[in-house]
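Participant: model the following, please.
(chains A and B)
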Amino acid sequence: MTMKTSTRQVDGVTIVDLSGRITLGEGSVVLRDTVKELLSKGNKKILLNLGDVNYIDSSGIGELVSAFTTTKNQGGELKLLNLTKKVHDLLQITKLYTVFDVKDDEAAAVKSFT
Amino acid sequence: MSANRVSYTLESTLETVNSAEEAASRMAAEAGFGDEDVMKIGMAVREAAVNAVLHGNAYDPGKKVALAIERTPKDLVIVIRDQGKGLDVKNIPDPLAPENLMKTSGRGIFLIRSFMDEVEIHPSPTGTEIKLIKHVHGSSGDGKEASQ
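Facilitator: Numbers count the residues shown, from 1 in each chain, chains lettered A, B, ... in the order given. Take a look at the predicted model:
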């Protein structure tokens, strides 16, 4: 299954709802292009909703790191929302769980942006 | 009755990565592994196939990836071989080191080692062979590794 994204605005925060797999090839490219486009339009508060992402490979992890770093370097913030157990475990073993700001409640996540 | 051993010769393409993952996941499920182990085995094979296609064969259409999956009473054994220059095993950076944590690549071998019970990497000037073993009744938390 390929990855799909849709974006919505809530109180100045862009929420990106992702579903499917973030893997080498299409999924990673879609994520990269989505974040790149948001930043180019000045949307620098980005919340990636990974609730329907059931699979990420090392390339997908790299893409999340890249999105986080790129957003930060442009003065923005990128946070993660609703990790599935598989994705949560993957971020734990790669020690990235504490690097990302991970939220499990959308309203609280939106409010947490500065 | 399903086969106990399958082997494929695959092109150096992204399609191969998906095919290898699907074949390994199917064999793992048939061997009786639970959903979580099937996912781990599939991902380990996917990462090994990515290494073979991208870093080993570098998408060279003249080079192939050999994949063999064997089911024994005790183990699921997967062997992936590329025709690249040979992986430099000793110089693989630790992706958990603070200076590498925010790198966008370099986690494939680490994930393979995390998800399989035994991992053997055999690089040579004519290619790299990686052997992945998951014990049918073993715990997944006692990863061992042998490299040369």
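Participant: and residue A:56, how far from residue B:97?
Facilitator: From residue A:56 across to residue B:97, the span is 21 Å (CB to CB, to the nearest Å). C-beta: built from backbone N, CA, C; applies to glycine.
Participant: give the contact list for the residue lying closest to residue B:33 once chain neighbours are set aside.
Facilitator: Leaving aside its chain neighbours, residue B:33 sits nearest to residue B:41 (6.6 Å; criterion: CB to CB, 6 or more residues apart in numbering or on different chains). Residue B:41 is in contact with B:24, B:25, B:28, B:33, B:76, B:78, B:115, B:116, B:132, B:134, counting by CB atoms under 8 Å, 6 or more residues apart in numbering or on different chains.
Participant: now do the SS call for the fourth one.
Facilitator: The one in question is residue B:33. Following DSSP: H, G, I helix; E, B strand; the rest coil, we place residue B:33 in the coil state.
Participant: residues near it, how many?
Facilitator: Residue B:33 is flanked by 20 other residues according to other CB atoms under 10 Å in any protein chain shown.
Participant: now it, what are its backbone angles?
Facilitator: phi -70, psi 150 (degrees, to the nearest 10).
Participant: repeat for the second one
Facilitator: In this entry, residue B:25 is assigned phi and psi values of phi -60, psi -40 (degrees, to the nearest 10).
Participant: number of nearby residues for the nearest residue to it once chain neighbours are set aside?
Facilitator: Nearest residue to residue B:25 in three dimensions, chain neighbours excluded: residue B:42, at 3.8 Å (CB to CB, 6+ apart). Residue B:42 has 24 neighbours, counted by other CB under 10 Å.
Participant: now residue B:11
Facilitator: When neighbours are counted by other CB under 10 Å, residue B:11 comes out with 16.
Participant: for it, what are its contacts?
Facilitator: B:61, B:64, B:65.
Participant: so which of those is the closest to chain A?
Facilitator: Comparing these against chain A with CB to the nearest CB picks out residue B:65 as the nearest, at 14.4 Å.
Participant: correct me, but the closest one touches residue B:84?
Facilitator: No: using CB atoms under 8 Å, residue B:65 is not in contact with residue B:84; the gap is 9.8 Å.
Participant: looking at the contacts of residue B:41, which are in strands?
Facilitator: B:76, B:78, B:132, B:134 (DSSP state E).
Participant: picking that back up, and the contacts of residue B:11, which are buried?
Facilitator: Using 16 or more other CB atoms under 10 Å in any protein chain shown as the burial test, those include B:64, B:65 as buried.
Participant: pLDDT and distance to residue A:17 added to the contacts of residue B:11, as TSV?
Facilitator: Converted to TSV, the contacts of residue B:11 look like this (pLDDT from 0 to 100; distance: CB to CB, whole Å):
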residue	pLDDT	distance to residue A:17
B:61	96	38
B:64	97	40
B:65	98	35
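Participant: so which of the contacts of residue B:11 are in strands?
Facilitator: Those of the contacts of residue B:11 lying in strands (DSSP E): residue B:65.
Participant: so for residue 12, what's the nearest residue that isn't a sequence neighbour?
Facilitator: Using chain A. Nearest non-adjacent residue to residue A:12 (CB to CB, 6+ apart): residue A:45, at 6.1 Å.
Participant: meant chain B actually
Facilitator: With CB to CB, 6+ apart, the residue lying closest to residue B:12 is residue B:57, at 4.0 Å.
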